[in-house]
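let me see the structure of the following:
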Amino acid sequence: MTEIDNAKETIIGKYIGEKNELRNKLIKEIEKETNRSLICYVANFGHPLGGIHSGDIMGFEDLIKTVKKPDKVDLLISSPGGELTTTEKMLFMCRERFKSFRVIIPNAAKSGATMIALGSDKIVMGYLSELGPIDPQIPRVLPNGKMMLVPANSLLNSLERIKEGIKNREPPEVFMPLLAGFNIEMIDICEKAIEESAEIAEKWLKTYMLKKNPKKAKDIANVLGDTNKYKSHGRLISGKEAEKLGLNVELLNKGSKLWNIIWEYYCRTELYLNETRAIKLYENNSMSLTQGAQEMK
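Take a look at the predicted model:
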(Lines give C-alpha, C1' and ligand atoms only; values in the text may rest on other atoms or scores of the structure.)
Protein backbone atom coordinates (compact mmCIF):
# COMPACT_ATOMS: atom_id res chain seq x y z
CA MET A 1 0.00 0.00 0.00
CA THR A 2 1.38 3.43 -1.00
CA GLU A 3 1.63 6.51 1.18
CA ILE A 4 -1.20 8.06 -0.85
CA ASP A 5 -3.42 5.02 -0.16
CA ASN A 6 -2.60 5.24 3.54
CA ALA A 7 -3.46 8.93 3.55
CA LYS A 8 -6.79 8.25 1.82
CA GLU A 9 -7.70 5.57 4.38
CA THR A 10 -6.80 7.93 7.23
CA ILE A 11 -8.99 10.69 5.78
CA ILE A 12 -11.92 8.33 5.14
CA GLY A 13 -11.61 6.83 8.62
CA LYS A 14 -11.54 10.28 10.22
CA TYR A 15 -14.54 11.36 8.12
CA ILE A 16 -16.64 8.33 9.10
CA GLY A 17 -15.57 8.72 12.73
CA GLU A 18 -16.76 12.32 12.77
CA LYS A 19 -20.10 11.29 11.28
CA ASN A 20 -20.51 8.59 13.94
CA GLU A 21 -19.75 11.09 16.69
CA LEU A 22 -22.41 13.49 15.41
CA ARG A 23 -25.06 10.76 15.36
CA ASN A 24 -23.99 9.54 18.81
CA LYS A 25 -24.43 13.06 20.17
CA LEU A 26 -27.95 13.20 18.71
CA ILE A 27 -28.83 9.80 20.24
CA LYS A 28 -27.82 11.12 23.65
CA GLU A 29 -29.88 14.28 23.09
CA ILE A 30 -32.95 12.19 22.25
CA GLU A 31 -32.42 10.09 25.39
CA LYS A 32 -32.16 13.27 27.45
CA GLU A 33 -35.48 14.53 26.07
CA THR A 34 -37.34 11.23 26.58
CA ASN A 35 -35.56 9.98 29.71
CA ARG A 36 -35.42 6.59 28.00
CA SER A 37 -32.72 4.43 26.39
CA LEU A 38 -32.61 4.55 22.58
CA ILE A 39 -31.64 1.90 20.04
CA CYS A 40 -31.69 2.57 16.31
CA TYR A 41 -32.25 0.25 13.34
CA VAL A 42 -32.08 2.04 10.00
CA ALA A 43 -32.14 0.29 6.63
CA ASN A 44 -31.13 1.43 3.17
CA PHE A 45 -34.45 1.33 1.26
CA GLY A 46 -32.61 1.42 -2.06
CA HIS A 47 -30.50 -1.66 -1.42
CA PRO A 48 -31.82 -5.07 -2.62
CA LEU A 49 -30.95 -6.53 0.81
CA GLY A 50 -32.43 -3.61 2.77
CA GLY A 51 -35.42 -5.64 3.95
CA ILE A 52 -35.65 -7.43 7.30
CA HIS A 53 -34.08 -10.88 6.98
CA SER A 54 -32.32 -13.54 9.05
CA GLY A 55 -28.98 -11.79 8.65
CA ASP A 56 -30.25 -9.04 10.97
CA ILE A 57 -30.38 -11.20 14.08
CA MET A 58 -26.69 -11.10 15.03
CA GLY A 59 -26.34 -7.35 14.60
CA PHE A 60 -29.63 -6.67 16.36
CA GLU A 61 -28.67 -8.88 19.31
CA ASP A 62 -25.32 -7.09 19.61
CA LEU A 63 -27.26 -3.84 19.67
CA ILE A 64 -29.92 -4.64 22.26
CA LYS A 65 -27.73 -6.56 24.69
CA THR A 66 -25.56 -3.48 25.26
CA VAL A 67 -28.48 -1.37 26.57
CA LYS A 68 -27.52 -0.43 30.11
CA LYS A 69 -30.97 0.74 31.24
CA PRO A 70 -33.49 -1.81 29.83
CA ASP A 71 -36.50 -0.70 31.89
CA LYS A 72 -37.55 2.00 29.42
CA VAL A 73 -36.36 1.62 25.83
CA ASP A 74 -37.25 3.23 22.50
CA LEU A 75 -36.52 1.64 19.12
CA LEU A 76 -36.07 4.13 16.30
CA ILE A 77 -36.79 2.20 13.13
CA SER A 78 -36.69 2.98 9.43
CA SER A 79 -37.32 -0.11 7.30
CA PRO A 80 -39.28 -1.31 4.25
CA GLY A 81 -40.22 -4.50 6.13
CA GLY A 82 -39.27 -8.01 5.13
CA GLU A 83 -39.43 -11.62 6.27
CA LEU A 84 -42.27 -12.37 8.68
CA THR A 85 -40.39 -14.91 10.81
CA THR A 86 -37.39 -12.61 11.34
CA THR A 87 -39.71 -9.68 12.07
CA GLU A 88 -41.43 -11.57 14.86
CA LYS A 89 -38.11 -12.80 16.24
CA MET A 90 -36.76 -9.24 16.46
CA LEU A 91 -39.93 -8.14 18.23
CA PHE A 92 -39.67 -11.10 20.61
CA MET A 93 -36.06 -10.14 21.39
CA CYS A 94 -37.11 -6.62 22.35
CA ARG A 95 -40.03 -7.73 24.50
CA GLU A 96 -37.90 -10.29 26.32
CA ARG A 97 -35.26 -7.69 27.25
CA PHE A 98 -37.23 -4.46 27.70
CA LYS A 99 -39.97 -3.75 30.23
CA SER A 100 -41.40 -0.58 28.68
CA PHE A 101 -40.95 -0.60 24.90
CA ARG A 102 -41.86 2.15 22.44
CA VAL A 103 -41.21 2.47 18.71
CA ILE A 104 -40.17 5.80 17.16
CA ILE A 105 -40.81 6.25 13.44
CA PRO A 106 -38.95 9.20 11.88
CA ASN A 107 -40.06 8.51 8.33
CA ALA A 108 -41.31 5.10 7.13
CA ALA A 109 -41.76 1.76 8.89
CA LYS A 110 -43.53 -0.44 6.38
CA SER A 111 -44.89 -3.98 6.38
CA GLY A 112 -42.78 -5.98 8.87
CA ALA A 113 -41.53 -2.78 10.49
CA THR A 114 -45.17 -1.83 11.07
CA MET A 115 -45.59 -5.26 12.68
CA ILE A 116 -42.78 -4.47 15.13
CA ALA A 117 -44.51 -1.18 15.98
CA LEU A 118 -47.76 -3.07 16.67
CA GLY A 119 -45.92 -5.11 19.30
CA SER A 120 -44.79 -2.04 21.23
CA ASP A 121 -46.54 -0.25 24.08
CA LYS A 122 -46.72 3.03 22.16
CA ILE A 123 -45.77 4.35 18.70
CA VAL A 124 -44.12 7.77 18.56
CA MET A 125 -44.74 9.55 15.24
CA GLY A 126 -44.30 12.99 13.67
CA TYR A 127 -46.09 14.58 10.74
CA LEU A 128 -43.68 12.88 8.29
CA SER A 129 -43.97 9.43 9.88
CA GLU A 130 -45.82 6.59 8.21
CA LEU A 131 -46.82 3.01 8.87
CA GLY A 132 -48.06 0.64 6.17
CA PRO A 133 -50.29 -2.39 5.56
CA ILE A 134 -49.03 -5.65 7.04
CA ASP A 135 -49.35 -7.79 3.92
CA PRO A 136 -46.28 -10.06 4.11
CA GLN A 137 -43.38 -10.14 1.67
CA ILE A 138 -42.12 -13.36 0.10
CA PRO A 139 -38.49 -13.97 -0.98
CA ARG A 140 -38.35 -14.58 -4.73
CA VAL A 141 -35.35 -15.39 -6.92
CA LEU A 142 -35.30 -13.32 -10.10
CA PRO A 143 -34.22 -14.70 -13.50
CA ASN A 144 -30.83 -12.97 -13.03
CA GLY A 145 -30.27 -14.96 -9.83
CA LYS A 146 -30.79 -12.06 -7.43
CA MET A 147 -33.25 -12.30 -4.57
CA MET A 148 -35.94 -9.74 -3.84
CA LEU A 149 -38.92 -9.51 -1.50
CA VAL A 150 -42.33 -9.35 -3.19
CA PRO A 151 -45.72 -8.72 -1.49
CA ALA A 152 -47.61 -12.01 -1.20
CA ASN A 153 -50.80 -10.42 -2.50
CA SER A 154 -49.00 -9.20 -5.61
CA LEU A 155 -47.94 -12.76 -6.44
CA LEU A 156 -51.50 -14.06 -5.97
CA ASN A 157 -52.90 -11.19 -8.04
CA SER A 158 -50.44 -12.05 -10.82
CA LEU A 159 -51.73 -15.62 -10.79
CA GLU A 160 -55.32 -14.39 -11.05
CA ARG A 161 -54.28 -12.25 -14.01
CA ILE A 162 -52.85 -15.33 -15.74
CA LYS A 163 -55.99 -17.37 -15.04
CA GLU A 164 -58.19 -14.59 -16.42
CA GLY A 165 -56.03 -14.31 -19.52
CA ILE A 166 -56.19 -18.03 -20.20
CA LYS A 167 -59.96 -17.91 -19.74
CA ASN A 168 -60.14 -15.13 -22.33
CA ARG A 169 -57.86 -17.11 -24.70
CA GLU A 170 -55.08 -14.51 -24.76
CA PRO A 171 -51.75 -15.56 -26.43
CA PRO A 172 -49.71 -17.81 -24.06
CA GLU A 173 -46.49 -15.83 -24.67
CA VAL A 174 -48.09 -12.89 -22.87
CA PHE A 175 -47.89 -14.81 -19.60
CA MET A 176 -44.38 -16.20 -19.90
CA PRO A 177 -42.71 -13.29 -18.02
CA LEU A 178 -45.26 -13.62 -15.22
CA LEU A 179 -44.66 -17.37 -14.94
CA ALA A 180 -40.87 -17.06 -14.81
CA GLY A 181 -39.71 -18.36 -11.46
CA PHE A 182 -43.28 -18.95 -10.27
CA ASN A 183 -43.57 -22.31 -8.47
CA ILE A 184 -46.92 -23.92 -7.77
CA GLU A 185 -46.14 -24.18 -4.04
CA MET A 186 -45.82 -20.38 -3.98
CA ILE A 187 -49.62 -20.13 -3.87
CA ASP A 188 -49.83 -22.05 -0.61
CA ILE A 189 -46.89 -20.10 0.86
CA CYS A 190 -48.51 -16.76 0.00
CA GLU A 191 -51.95 -17.68 1.32
CA LYS A 192 -50.56 -18.98 4.61
CA ALA A 193 -48.25 -15.97 5.02
CA ILE A 194 -51.19 -13.56 4.62
CA GLU A 195 -53.22 -15.46 7.20
CA GLU A 196 -50.27 -15.74 9.59
CA SER A 197 -49.47 -12.03 9.31
CA ALA A 198 -52.90 -11.03 10.64
CA GLU A 199 -52.67 -13.66 13.41
CA ILE A 200 -49.26 -12.41 14.57
CA ALA A 201 -50.37 -8.77 14.55
CA GLU A 202 -53.46 -9.62 16.59
CA LYS A 203 -51.43 -11.68 19.08
CA TRP A 204 -48.91 -8.93 19.82
CA LEU A 205 -51.56 -6.20 19.99
CA LYS A 206 -53.53 -8.30 22.49
CA THR A 207 -50.44 -9.00 24.56
CA TYR A 208 -49.23 -5.40 24.94
CA MET A 209 -50.66 -2.25 23.34
CA LEU A 210 -54.33 -3.32 23.40
CA LYS A 211 -54.29 -5.96 26.12
CA LYS A 212 -57.42 -4.38 27.65
CA ASN A 213 -59.30 -4.40 24.35
CA PRO A 214 -58.76 -7.73 22.52
CA LYS A 215 -61.66 -7.09 20.12
CA LYS A 216 -60.04 -3.85 18.98
CA ALA A 217 -56.77 -5.70 18.49
CA LYS A 218 -58.45 -8.20 16.17
CA ASP A 219 -60.23 -5.46 14.23
CA ILE A 220 -57.02 -3.46 13.66
CA ALA A 221 -55.08 -6.56 12.55
CA ASN A 222 -57.82 -7.37 10.03
CA VAL A 223 -57.95 -3.79 8.71
CA LEU A 224 -54.17 -3.50 8.27
CA GLY A 225 -54.13 -6.82 6.42
CA ASP A 226 -57.11 -5.93 4.19
CA THR A 227 -55.84 -5.49 0.62
CA ASN A 228 -59.25 -4.21 -0.48
CA LYS A 229 -58.77 -1.21 1.85
CA TYR A 230 -55.02 -0.87 1.31
CA LYS A 231 -54.47 -1.90 -2.30
CA SER A 232 -50.85 -0.76 -2.40
CA HIS A 233 -48.14 -2.41 -0.30
CA GLY A 234 -46.54 0.99 0.18
CA ARG A 235 -49.74 2.81 1.14
CA LEU A 236 -49.13 5.64 3.63
CA ILE A 237 -50.78 5.34 7.06
CA SER A 238 -50.09 8.59 8.89
CA GLY A 239 -49.90 9.09 12.64
CA LYS A 240 -53.38 10.61 12.68
CA GLU A 241 -54.80 7.69 10.69
CA ALA A 242 -53.04 5.18 12.98
CA GLU A 243 -54.56 6.98 15.96
CA LYS A 244 -58.03 6.82 14.38
CA LEU A 245 -57.60 3.08 13.87
CA GLY A 246 -57.22 2.77 17.65
CA LEU A 247 -53.45 2.37 18.03
CA ASN A 248 -51.67 4.00 20.97
CA VAL A 249 -49.85 6.82 19.17
CA GLU A 250 -47.96 9.81 20.51
CA LEU A 251 -47.98 12.53 17.86
CA LEU A 252 -45.05 14.93 18.08
CA ASN A 253 -45.55 18.52 16.99
CA LYS A 254 -43.39 19.33 13.95
CA GLY A 255 -41.91 22.27 15.82
CA SER A 256 -41.03 20.34 18.97
CA LYS A 257 -37.42 19.97 20.06
CA LEU A 258 -37.68 16.18 20.26
CA TRP A 259 -39.06 15.83 16.74
CA ASN A 260 -36.36 18.04 15.27
CA ILE A 261 -33.60 16.03 16.95
CA ILE A 262 -35.17 12.76 15.77
CA TRP A 263 -35.43 14.09 12.22
CA GLU A 264 -31.84 15.34 12.18
CA TYR A 265 -30.59 11.97 13.41
CA TYR A 266 -32.60 10.15 10.75
CA CYS A 267 -31.34 12.43 7.97
CA ARG A 268 -27.76 11.86 9.06
CA THR A 269 -28.23 8.07 9.01
CA GLU A 270 -29.62 8.27 5.48
CA LEU A 271 -26.66 10.34 4.35
CA TYR A 272 -24.26 7.87 5.99
CA LEU A 273 -25.90 4.86 4.33
CA ASN A 274 -25.83 6.53 0.92
CA GLU A 275 -22.23 7.69 1.25
CA THR A 276 -20.90 4.34 2.48
CA ARG A 277 -23.31 2.29 0.30
CA ALA A 278 -24.12 0.23 3.38
CA ILE A 279 -27.23 -1.90 3.91
CA LYS A 280 -28.12 -1.40 7.60
CA LEU A 281 -27.10 0.64 10.59
CA TYR A 282 -27.52 -0.59 14.20
CA GLU A 283 -26.73 2.07 16.82
CA ASN A 284 -27.15 3.18 20.42
CA ASN A 285 -25.20 5.54 22.68
CA SER A 286 -22.30 3.12 23.09
CA MET A 287 -21.94 1.30 19.76
CA SER A 288 -22.44 1.57 16.00
CA LEU A 289 -22.55 -1.40 13.63
CA THR A 290 -22.83 -1.24 9.86
CA GLN A 291 -24.09 -4.22 7.89
CA GLY A 292 -22.46 -5.06 4.59
CA ALA A 293 -21.14 -1.97 2.84
CA GLN A 294 -21.53 -3.87 -0.44
CA GLU A 295 -21.40 -2.14 -3.77
CA MET A 296 -24.90 -1.65 -5.19
CA LYS A 297 -25.47 -2.96 -8.70
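
what's the spacing between the closest residue to Gly292 other than its chain neighbours and Ser54?
Sequence neighbours aside, Ile279 is the residue nearest to Gly292 in space, at 4.5 Å (criterion: Cβ to Cβ, 6 or more residues apart in numbering). Using the backbone N, CA and C atoms, a C-beta is placed for each residue, glycine as well. For Ile279, the distance to Ser54 (Cβ to Cβ, to the nearest Å) stands at 14 Å.

more neighbours, those two?
Ile279 (23 against 11; other Cβ atoms under 10 Å).

contacts only, for the more buried one.
For Ile279, the contacting residues are 43-44, 47, 49-50, 273, 291-294, by Cβ atoms under 8 Å, 6 or more residues apart in numbering.

at 7 Å instead, please
Listed by Cβ atoms under 7 Å, 6 or more residues apart in numbering, the contact set of Ile279 reads 44, 47, 49-50, 291-292, 294.

do the same with Leu75
39, 41, 94, 103-104.

among those residues, which one sits closest to Ala242?
Set against Ala242, the nearest of the contacts of Leu75 by Cβ to Cβ is Val103 (11.2 Å).

tell me the SS of that closest one?
strand (DSSP: H, G, I helix; E, B strand; the rest coil).

do you know how far it is from Tyr41?
10 Å.

so Leu271 lies in a strand, does it not?
No. Under three-state DSSP, Leu271 falls outside any strand and is assigned helix.

and for Val103 and Tyr41, which residues touch both?
Joint contacts of Val103 and Tyr41 (Cβ under 7 Å, 6+ apart) are 75, 77.

picking that back up, among the contacts of Leu75, who's most crowded?
The residue in those with the most neighbours, by other Cβ under 10 Å, is Ile104 (31 neighbours).

so it touches Val124, yeah?
Yes. The criterion here is Cβ atoms under 7 Å, and Ile104 meets it with Val124 at 4.4 Å.

ok, and for the helix or strand Ala242 falls within, which residues are buried?
Counting by DSSP states H and E, the element that carries Ala242 is helix 239-245. By 16 or more other Cβ atoms under 10 Å, the buried positions in helix 239-245 come out as 239, 242.

and the two most separated of the contacts of Leu75?
Cys94 and Ile104 (12.8 Å).

show me what contacts Glu196?
Leu84.

spell out the secondary structure type for it.
helix.

separation between it and Leu258?
Remark: distance between Glu196 and Leu258 (Cβ to Cβ) = 36 Å.

just Leu205 next, same as before
25 Å.

so between the two, which is more surrounded?
Legend: neighbour count by other Cβ under 10 Å for Leu205 and Leu258, higher for Leu205 (26 against 18).

backbone dihedrals for the closest residue to Ile64 other than its chain neighbours, both of them.
Distance criterion Cβ to Cβ, 6+ apart; nearest residue to Ile64, sequence neighbours excluded, is Arg97 at 5.6 Å. Main-chain dihedrals, Arg97, degrees, to the nearest 10: phi -100, psi -30.

was I right about Arg97 contacting Lys69?
No. The criterion here is Cβ under 7 Å, and Arg97 misses it with Lys69 at 11.4 Å.

out of these two, which sits in the more crowded spot?
Taking other Cβ under 10 Å, Arg97 and Lys69 do not tie; Arg97 has more neighbours (14 against 11).

how much space between the more buried one and Leu128?
29 Å.

got it, and Asp74?
From Asp74 across to Leu128, the span is 17 Å (Cβ to Cβ).

likewise Leu251?
12 Å.

please name the residues that touch the closest residue to Ile237 other than its chain neighbours.
Once flanking residues are discounted, Ile237 sits nearest to Leu131: 4.2 Å by Cβ to Cβ, 6+ apart. Leu131 is in contact with 109, 114, 117, 237, 242, counting by Cβ under 7 Å, 6+ apart.

can you check Gly126 too?
So Gly126 contacts 252, 254, 259, 262 (Cβ under 7 Å, 6+ apart).

can you name the two of those that are farthest apart?
Across the contacts of Gly126, no pair lies farther apart than Lys254 and Ile262, at 11.0 Å, counting by Cβ to Cβ.

and these two? which has more neighbours close in?
Using other Cβ under 10 Å as the criterion, Lys254 and Ile262 rank with Ile262 on top: 28 against 11.

so for the host helix or strand of that one, mean pLDDT?
Ile262 is located in helix 257-276, with elements delineated by DSSP H and E. For helix 257-276, mean pLDDT is 96.
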